[in-house]
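S.K.: turn this into a structure:
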Amino acid sequence: MDAYQAIVIGGGIGGLSAALALHRQGIPVTVHERAASLEPVGAGLALAPNALRALDRLGVGERLRALATAHPAIGLRHPSGRWLARTDTATFEARFGETITAVARADVIAALVDALPDGTVRTNSPAALVTPGGTTEPAVVSTPDGNRPAALVVAADGLRSATRAQLFPQHPGPRYSGFTTWRTIVSPTRRPDAVGEVWGRGQLAGVVPLADGRVYVYGAALAPAGARAADGDEKAELLRRYGTWCAPVPQLLALAEPGRVLRHDVWDLSDPLPAYHQGRVALLGDAAHAMCPFQGQGACQAVEDAVVLASALTPAADPATSLPAYTAARLPRTTAIVTGSRRIGGLVALRTPAATRLRDAALTLAGLLPARTLLNRSARTYNWQPPALDATA
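M.R.: Just a heads-up that it's a prediction; the model follows:
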C-alpha cells in the first residue's frame with residue numbers, strides 16, 4: 001500500500017487516546033469528530049491505576065495526576081450514613097502502586113488534544129466507514145472532503161457505533177441495563193468529609209472530590225429506558241430521590257446548576273462481539289465493549305485499547321495482519337469486565353428490604369476482612385501493565 005494513513009472516527013477519550021498512541025508510534029493519523037466541538041459528555045472520571053499506566057505510555061499521565069485531590073479514605077455507606085465498608089487510600093496505593101485519580105472529563109480531553117499535533121482533530125467532520133478493506137485493499141472512509149483511503153481505521157464511534165453495526169450486522173447490539181444515571185460538578189465552600197458511594201434500594205449516589213475545590217456528584221437508579229423528570233428538571237428529580245439521604249449528598253446536589261445536570265440511560269454490550277476488528281478496521285471503547293459504570297472502567301478500558309492497538313502497529317506493519325492480535329489481547333479482558341460491571345449493577349438493583357439488608361450485611365462483613373484480601377479481588381483489573389510504544393520503550 002501507499003503511505004500509511006490512519007483515520008479515527010470519533011473524538012472522545014478513546015478516539016483521542018488512539019490517535020495519540022498511533023502518533024507516538026510514528027503513524028500519521030487524523031481524527032474526525034461529528035460534533036462542532038470537543039465539549040465532553042459527562043462530568044467526572046475516575047482513572048484507575050491500570051488507566052494511569054496506559055496514559056503514561058501516551059505521555060499525559062503526570063499531567064493528570066497533578067490534578068488529583070488526595071483523600072485519606074473512600075468507602076461505601078447506607079443512606080442513613082452508616083459505613084458498610086471503607087478503604088484506606090494509602091493501603092490501596094501500597095497494593096497497586098498508586099491510587100485512583102479523579103479528574104474532570106474535560107481535563108482528560110484537553111490533555112490528549114494538547115499532546116497531538118495541530119490539525120490532527122477535525123470537529124464538525126462526520127465520517128463513516130464505506131468499506132473495511134483487506135490484505136490488498138485499503139479501507140475507505142467517507143468524510144466531508146470526500147472518500148478517503150486508509151491503511152487503518154479506528155472506530156471509536158461510541159455506544160451506537162454505526163461501524164460496529166456495519167461490520168457485525170447479526171450482533172444484537174446494546175441492551176438496556178435497567179439503570180439511568182445523573183452526573184454533575186459542583187463547587188462547595190468546603191470539601192466533603194465523606195467520599196465514596198451510598199447504596200440504597202435500587203439506586204446509589206457518589207461523591208468524588210476534584211481539583212480546585214470542585215466535587216463530582218453522580219447518581220444511578222433503576223428506571224424505564226427513556227424516562228425523564230416529569231417537569232424536565234433533573235436537579236429536582238435528584239433532590240426528590242436523594243434529598244433525605246446522609247450528608248453530604250443532598251447538600252451537594254442542592255448546589256447543582258439545573259442546566260448542568262446530565263442524565264443518560266445505561267446500555268451495555270452484554271453480548272460480546274466475535275472480534276474487535278475486521279479487515280483494516282479496529283473497534284475501540286464503547287463501540288467494542290460498552291459497559292455499565294459500576295466498576296468505573298469504561299474510559300479506562302478505552303485507553304487500554306488504544307495503547308494495545310498501537311503497540312501492535314508500526315509504520316512498517318500491515319494492520320490487516322496485525323489486528324487479530326489486538327482482538328486476542330482485548331476481547332477476553334474487556335468481556336470479563338463488562339460481565340463484572342453488570343454483576344455489581346445487580347447488587348445495586350436490589351430493592352426489597354430483605355434483599356438489601358442481606359446485601360448490606362454481606363458488604364459489612366466483607367469490610368471486616370483484611371485489606372489485602374479485599375484488594376486482591378480487584379488485582380486482575382488494576383494490576384494490568386501496558387505494552388511499550390516505540391516512544392516509551
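S.K.: which residues touch Cys163?
M.R.: Rather than Cys, residue 163 is Thr. Shown in contact with Thr163 (Cβ atoms under 8 Å, 6 or more residues apart in numbering): 9, 128-129, 153, 155, 157, 281, 283, 287. Using the backbone N, CA and C atoms, a C-beta is placed for each residue, glycine as well.
S.K.: mind listing what's buried in the helix or strand hosting it?
M.R.: Here Thr163, judged by DSSP states H and E, is contained in helix 162-167. Residues of helix 162-167 classed as buried: 163-164, 166-167 (neighbour count, 16 or more other Cβ atoms under 10 Å).
S.K.: in TSV: those residues, plus distance to Ala221 and pLDDT.
M.R.: Listed next are the buried residues of helix 162-167 as TSV, based on distance: Cβ to Cβ, whole Å; pLDDT from 0 to 100:
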residue	distance to Ala221	pLDDT
Thr163	31	98
Arg164	28	98
Gln166	34	98
Leu167	34	98
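S.K.: quick one: which of the contacts of Thr163 is most hemmed in?
M.R.: Among the contacts of Thr163, Ala155 has the most neighbours (other Cβ atoms under 10 Å), with 33 neighbours.
S.K.: pLDDT value on that residue, please?
M.R.: pLDDT recorded at Ala155 is 98.
S.K.: and the gap between it and Met291?
M.R.: Separation of Ala155 from Met291 (Cβ to Cβ, to the nearest Å): 17 Å.
S.K.: again with Ala36
M.R.: Ala36 is 28 Å from Met291, by Cβ to Cβ.
S.K.: okay, the two: which has more neighbours?
M.R.: Met291 (25 against 9).
S.K.: list the buried ones in stretch 233-247?
M.R.: So for stretch 233-247, counting by 16+ other Cβ under 10 Å, buried means 234-239, 241-242, 245-246.
S.K.: distance of the closest residue to His277 other than its chain neighbours from Gln278?
M.R.: Spatial nearest neighbour of His277, excluding adjacent residues (Cβ to Cβ, 6 or more residues apart in numbering): Leu323 at 3.8 Å. Leu323 sits 8 Å away from Gln278, taking Cβ to Cβ as the criterion.
S.K.: also His264?
M.R.: Counting by Cβ to Cβ, the separation of His264 from Gln278 is 28 Å.
S.K.: got the contact list for stretch 190-199?
M.R.: Residues external to stretch 190-199 that are found in contact with it (Cβ under 8 Å, 6+ apart): 69, 71, 73-79, 81, 84, 86, 204-209, 213, 215, 245-249, 252, 347-348, 359-360, 363.
S.K.: which of those fall within helices?
M.R.: Applying DSSP state H to these, the entries found in helices are 249, 252, 347-348, 359-360, 363.
S.K.: out of these, who has the most neighbours?
M.R.: Comparing the ones in helices among the contacts of stretch 190-199 on neighbour count, Val249 comes out first with 27 neighbours (neighbours: other Cβ under 10 Å).
S.K.: my read: that residue touches Ala205, true?
M.R.: Yes: between Val249 and Ala205 a contact is recorded at 4.9 Å, counting by Cβ atoms under 8 Å.
S.K.: just name the shakiest helix or strand of this protein by mean pLDDT.
M.R.: Least confident helix or strand of the chain, by mean pLDDT, DSSP states H and E, is helix 371-376 with a mean of 77.
S.K.: and Val303, how many neighbours?
M.R.: By other Cβ under 10 Å, 31 other residues sit near Val303.
S.K.: avg pLDDT for the helix or strand in which it is found?
M.R.: In this structure, Val303 sits in helix 298-311 according to DSSP H and E. Helix 298-311 carries an average pLDDT of 98.
S.K.: can you pull the contacts of the closest residue to Gly279 other than its chain neighbours?
M.R.: Distances taken as Cβ to Cβ, 6+ apart place Pro132 nearest to Gly279, at 3.2 Å, with adjacent residues excluded. By Cβ under 8 Å, 6+ apart, Pro132 lies in contact with 139, 153, 166-167, 278-281.
S.K.: cool, Val108 as well?
M.R.: Contacts for Val108 (Cβ under 8 Å, 6+ apart) come out as 13, 40, 45, 47, 64, 299.
S.K.: now with 6 Å, please.
M.R.: Val108 makes contacts with 13, 45, as judged by Cβ atoms under 6 Å, 6 or more residues apart in numbering.
S.K.: same question, Leu116
M.R.: Leu116 is in contact with 19-20, counting by Cβ under 6 Å, 6+ apart.
S.K.: please repeat the previous calculation with a cut-off of 7 Å.
M.R.: 19-20, 23 (Cβ atoms under 7 Å, 6 or more residues apart in numbering).
S.K.: which single one of those residues is nearest to Ala104?
M.R.: Leu20 (18.7 Å; Cβ to Cβ).
S.K.: and the closest one, what element?
M.R.: Leu20 is part of helix 13-24 when elements are defined by DSSP H and E.
S.K.: hmm, who's touching stretch 288-295?
M.R.: For stretch 288-295, the surrounding residues in contact (Cβ under 7 Å, 6+ apart) are 159, 174, 177, 179, 181, 220, 266-269, 273, 276, 297-298, 301, 305, 334-335, 337-338, 340-342, 344-345, 348.
S.K.: quick one: which of the residues you listed sit in strands?
M.R.: Of the positions in the contacts of stretch 288-295, 177, 179, 181, 220, 266-268 sit in strands, assigned by DSSP state E.
S.K.: any idea how far Thr120 is from Ala151?
M.R.: Taken as Cβ to Cβ, the span from Ala151 to Thr120 is 17 Å.
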